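Trainee: Fold the following, please.
(chains A and B)
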Amino acid sequence: MPEALRSPETVGRVRDALVKYGFIAVTVVLFVFFAATEPAFAQSSTMFSMLKFASVTAILGLGVTFTMVVGGLDLSIGATAGLAVQLAAMTMVFYNLTGPTAVAAVLLGGVLVGLANAVLIVVFKIPDLLATLGMMFVIQGAKLIPVSGQSVSSGMVLRDGSVAPGRFTPDFLLIDRGFVGPVPLPVVIMLVLVVVSWFVLSRTSAGRILYAIGANPEAARLAGVRVGLYRGLAYVISGLFASVGGLILVSRIGQGDVNAGASSLLEAVAVALVGTSVLGLARPNAWGTLLGALLVAIVLTGLTMKGFQYYHQDTAKGFVLIVALLFSFTLSRRKVRYTPAT
Amino acid sequence: MLDETPSAPDAAGATPALELEDITMSFGANQVLKGVTLALLPGRVTALLGANGAGKSTLIKVLSGVYPDHGGTIRIDGEAVAMESPMAAARHGIQTVHQRIDETIVPGLSVAENLVFEEIIRGEIPAVRSLRRLLPRAREIAATLDLGWSDDVLTKDVFELGIADSQLLLLARALSQQPKVLVLDEPTSTLSQSEADRLFALVRRLRDEGVAVLYVSHRLSEISSLADELVVLRDGRIRNRQEAPLDMAAAVRSMLGDTVLAETAGRTEMRGTRVAVEVRGVQLLHRSAPVDVDLRYGEVTGVVGLIGAGKSELARGIFGADRLRCGSLRLDGEDYRPRRTADAVRRGVYLVPEDRAAEAMLPGWTIATTSTLPFLRGVTRSGILRPGRERGVAEAVITDFGVVATGPDQNVDALSGGNQQKVVVGRWMHAGPRVLLLDEPFRGVDIGARGDISRRAREQAAAGACVVVLSSDVDEIREIADRVLVMVEGELRLDAYTTEVDNDAIVASMSEVA
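Mentor: Residues are numbered from 1 along each chain as shown, chains lettered A, B, ... in the order given. A predicted model of the protein is given here:
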């Protein structure tokens, strides 16, 4: 076919290839570049520490992915992760309870935040961005009250002058430090959640319904879909995932840092957005979110090894996001869509 | 097969205002226009006919600069030009009034600002100029159509205009640019008869002033009274060209190709006996009197009324999409209070909504996923999707309705309006409805698809379903329904079998005022 040789078609094909594989190619190229120039980069210990580094962002990003699938966004995930940090610390340090109790308290807290968001959005019809923004401030403020704005750590002096009775239990600290075989536990948790999210979103009727709500909520409703129920479900899942991310975070830092989680919001939103561009899918999806988190981890680890200071990190993250968005929006000339996988 | 070898008639050697030569246009692998050659002469109305999916909308978008990467040549007054943007089309004197008004009206702006919008975007009028200073020009534009809009109307937000007035606004805006070529895409689909008559008079006036008009419509009566020549597009090619006097039968034959027109005369009337839905004391509009009516199994009930007569309110109430103001429903003699659409779907009560794009289509979805959305339970096992089952449903919908598509994985956005509607109607019929409510099912649907949908709807009723078709078109209702209900301002005015009333009686009761 002679037309195939005409230049607009060739340009189009190159663009299609860029849209589909450009993002993965960039990730691979960066990986190879760092591996070639920094011998320490390609070691398995670095690999695992990178994956570990990516896990919190990836898990929070998965929560964001669910809310993006229904056409919304959860801005309260950073605060929810921070709440998880403090709940875990308070449960163990203030009340001297066990690690499993702390885990239960944290997950319950995440689900309750998600439910509150769901009620505000579905029942009271507050736009998702505003409802979750309000929720963000409420959580960030409210969690300071019982601790008088102090970070919670073992052996701290309480308001009545006594010393806090508990400490971070060893089993709780294992969440971040434990291994399954050679693989760090946070990495396992991340991979399990990615697979579960992928399966739910692309292989179950619930996932199909979530995408339908994102695509056209009115058409979904008139097809007999219970839009409110499933939209609410997305926010509950988001709250739950944010609290799981918070669990790993608090287990890593070993104290109830009041500022923990605050910076994870934008990172999580960014990786979920980056993820929409993977394979030119142009839709929020679980594997894309994981890849987005990995790309960020590769860039940051690589730059750190090259001697860049921590204050370069945000700029680097911003560039990663913009490059990925170039692939998904500019080159593909497509809007983000809500098409289910088939 | 070609009905007739296309040959471009050269009328009296006049230079065409617009010439299209061998225009092609593809979307991916899908070639929509396969070489269209067409000349529009000044002072003539050329009608463009074609079933949905024939490529009409694409052709219009090519010549209005929306698709710059088409193949072939466009000439204006004999000179080849690049139609690289809608602005370029406007510069060359081509004005198009598109079918979908929501894409061309600017919400949030006043009526006056919308009228002078072309001037604003060209920078001839500063966008920040106060509304009062826009008014003289807006009045001038409105006057070209004798719209008779007061300053009160002109300063309103454009959203407060009805759909028909919005259409007139766009037309006035197009005319204010004194086009050499005016393209009208289904201009009367939202207009009442008197508004349409006004439009026809205007089109004739423009023709006499030397404008070349391309008139796209499904309504054959309009075309036969208005057009000087006619071209038929089918499957991306021109299949038939005629000059007045027009042979509409030949045009329709070449438009439909091999598909057969729905037989209306020879059909058997069905009369149901068993009541499906009892509507009691239901108030449909704000101040209307309560309505009592029984909808029966085994017949097609046609509800006819103008826009705003309360038809959609009735259908949406029965489907649970909107709460009924007051009154009660019974289904199969039992209390029926659908609190949400899911309740209705579970009971076998289905609705095909009025506005396909806004209320039924999911952008980017495939035929398969669109078809199975209401009945995911049927294609899952413990919540897990079974792709084989899903394809099966989609294939059944495609074959049952003769959807023109590459297969279950075809993107619905790429389907023509008629084929989209077949998918949307087909997914409910495939599930075997108890009560099937079709709200304006033929809007933007070509005659072929309309025949298919109407035939299948009658088959459903024959198989025992209660089928209710709501429309503002009396002919549509006569074609499909056994029984006709006329609604005026939320109240029931007539309930009769279609064989027992003639059109005049129906129209008379529609225009009756309380």
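
Trainee: What residue in chain B comes nearest to chain A?
Mentor: Nearest residue of chain B to chain A (CB to the nearest CB) works out as B:V345 at 3.3 Å. To be clear about C-beta, it is placed using only N, CA and C from the backbone, and glycine gets the same treatment.

Trainee: tell me the contacts of that residue?
Mentor: B:V345 sits next to A:223-224, B:374 when contact means CB atoms under 8 Å, 6 or more residues apart in numbering or on different chains.

Trainee: Leaving out the residues flanking it, which one is nearest to A:F124?
Mentor: Excluding its sequence neighbours, the residue lying closest to A:F124 (CB to CB, 6 or more residues apart in numbering or on different chains) is A:A131, at 7.8 Å.

Trainee: what about that neighbour, how many neighbours?
Mentor: For A:A131, the neighbour count with other CB atoms under 10 Å in any protein chain shown is 24.

Trainee: How about the residues of the stretch 101-250 of chain A by chain B?
Mentor: Residues of the stretch 101-250 of chain A found near chain B (CB under 8 Å from any CB of the partner chain) are A:203-206, A:208-209, A:212, A:215-216, A:218-226.

Trainee: Give me the helices and strands touching the lengthiest helix in chain A, please.
Mentor: Looking across chain A with DSSP state H, the single longest helix is helix A:7-37. Judged by 3 or more CB pairs under 8 Å, 6 or more residues apart in numbering or on different chains; DSSP states H and E, helix A:7-37 is in contact with helix A:286-305.

Trainee: The helix it packs on vs chain B: in contact?
Mentor: No - Helix A:286-305 stays clear of chain B (CB under 8 Å from any CB), getting no nearer than 15.7 Å.

Trainee: relative orientation of that helix and helix A:7-37 in degrees?
Mentor: 50 degrees (axes from the mean of the first three to the mean of the last three CA atoms, to 10 degrees).

Trainee: Just the buried positions in helix A:286-305, please.
Mentor: A:286-303 (16 or more other CB atoms under 10 Å in any protein chain shown).

Trainee: in the helix or strand just after it, what counts as buried?
Mentor: Downstream of helix A:286-305, the next assigned helix or strand under DSSP states H and E is helix A:313-325. Residues of helix A:313-325 classed as buried: A:313, A:316-317, A:320-321, A:324-325 (neighbour count, 16+ other CB under 10 Å).

Trainee: Can you name the residues in contact with helix A:313-325?
Mentor: The contact list for helix A:313-325 (CB under 8 Å, 6+ apart) reads A:23, A:26, A:267, A:270, A:273-274, A:277, A:292, A:295-296, A:299-300, A:303, A:308.

Trainee: returning to what we had before: tell me which element the residue of chain B closest to chain A falls in.
Mentor: When elements are assigned from DSSP H and E, B:V345 belongs to helix B:341-346.

Trainee: now B:V507
Mentor: helix B:503-511.

Trainee: Show only the entries of the residues of the stretch 101-250 of chain A next to chain B found in helices.
Mentor: Mapping these onto helices (DSSP H) picks out A:203, A:205-206, A:208-209, A:212, A:215, A:218-221.

Trainee: related to what we said a few turns ago, what's the offset of the helix holding B:V345 from the middle of its chain?
Mentor: 27 Å (CA atoms, centre = their mean, to the nearest Å).

Trainee: what mean pLDDT would you report for that helix?
Mentor: Mean pLDDT, computed over helix B:341-346, is 96.

Trainee: Repeat that for stretch B:454-462.
Mentor: 94.

Trainee: all helices in chain A, in order from the N-terminus.
Mentor: A:7-37, A:44-69, A:77-89, A:99-118, A:128-142, A:170-177, A:185-203, A:205-215, A:217-221, A:227-253, A:264-275, A:286-305, A:313-325.

Trainee: same thing with the stretch 101-250 of chain B?
Mentor: With helices called from DSSP state H, counting those that start in this stretch, the stretch 101-250 of chain B shows them at B:111-115, B:117-121, B:131-144, B:151-155, B:163-175, B:193-208, B:220-226, B:248-256.

Trainee: And the contacts of helix A:313-325, which two are furthest apart?
Mentor: For the contacts of helix A:313-325, the farthest-apart pair by CB to CB is A:S277 and A:F308; their separation is 25.0 Å.

Trainee: Can you pick out the residue with more neighbours from the two?
Mentor: Taking neighbours as other CB under 10 Å, A:S277 and A:F308 compare with A:S277 leading, 28 against 14.

Trainee: Touching, the more buried one and A:F23? I think so.
Mentor: Yes - assessed by CB atoms under 8 Å, A:S277 is found in contact with A:F23 at 5.3 Å.

Trainee: got any ranges where the stretch 251-400 of chain B has weak pLDDT?
Mentor: Scanning the stretch 251-400 of chain B for pLDDT under 70 picks out the ranges B:256-266, B:307.

Trainee: now do the stretch 1-150 of chain A
Mentor: Ranges of the stretch 1-150 of chain A meeting pLDDT under 70: A:1-8.

Trainee: Leaving out sequence neighbours, find the closest residue to A:A260.
Mentor: A:V85 (4.2 Å).

Trainee: OK, contacts around the one you found?
Mentor: By CB under 8 Å, 6+ apart, the contact list for A:V85 reads A:246, A:249-250, A:253, A:256-257, A:260-261.

Trainee: And those, which of them are buried?
Mentor: By neighbour count, with 16+ other CB under 10 Å, those hold A:246, A:249-250, A:256-257, A:260-261 as buried.

Trainee: Dump the residues you listed to TSV, plus pLDDT.
Mentor: Listed next are the buried ones among the contacts of A:V85 as TSV, based on pLDDT from 0 to 100:
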residue	pLDDT
A:G246	96
A:L249	95
A:V250	95
A:G256	90
A:D257	89
A:A260	87
A:G261	85
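
Trainee: What is the nearest of the residues you listed to chain B?
Mentor: Nearest member of the buried ones among the contacts of A:V85 to chain B, counting by CB to the nearest CB, is A:G246, at 28.4 Å.

Trainee: rewinding a little: mind picking the lowest-pLDDT entry from the contacts of helix A:313-325?
Mentor: When the contacts of helix A:313-325 are compared, A:S277 shows the smallest pLDDT, 76.

Trainee: what domains does the record give for chain B?
Mentor: What automatic domain parsing lists as the domains of chain B is B:1-93+B:179-258, B:101-178, B:275-511.

Trainee: Does B:V486 touch B:I506 like I think?
Mentor: Yes - using CB under 8 Å, B:V486 is in contact with B:I506, at 6.0 Å.

Trainee: intersection of neighbour lists for the two?
Mentor: By CB under 8 Å, 6+ apart, the residues touching both B:V486 and B:I506 are B:304, B:494.

Trainee: Those two: who's more crowded?
Mentor: Between B:V486 and B:I506, B:V486 has the larger neighbour count (other CB under 10 Å), namely 26 against 21.

Trainee: and that one, how far is that from B:S312?
Mentor: Separation of B:V486 from B:S312 (CB to CB, to the nearest Å): 15 Å.

Trainee: swap in B:G108?
Mentor: 25 Å.

Trainee: Enumerate the positions of the helix holding B:V507 that are buried.
Mentor: Neighbour counts over helix B:503-511 (16+ other CB under 10 Å) mark B:506, B:509-510 as buried.

Trainee: Would you mind marking which of those residues are also close to chain A?
Mentor: Applying CB under 8 Å from any CB to the buried residues of helix B:503-511, none is adjacent to chain A.

Trainee: now these as a markdown table including pLDDT?
Mentor: Shown next, in a markdown table, are these (pLDDT from 0 to 100):
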| residue | pLDDT |
| --- | --- |
| B:I506 | 83 |
| B:S509 | 82 |
| B:M510 | 75 |
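
Trainee: residues from the stretch 401-514 of chain B in reach of chain A?
Mentor: Contacts of the stretch 401-514 of chain B with chain A, taken as CB under 8 Å from any CB, map to B:D409.

Trainee: all helices of the stretch 401-514 of chain B, in order?
Mentor: Under DSSP H, counting those that start in this stretch, the stretch 401-514 of chain B gives helices at B:417-430, B:447-462, B:474-480, B:503-511.
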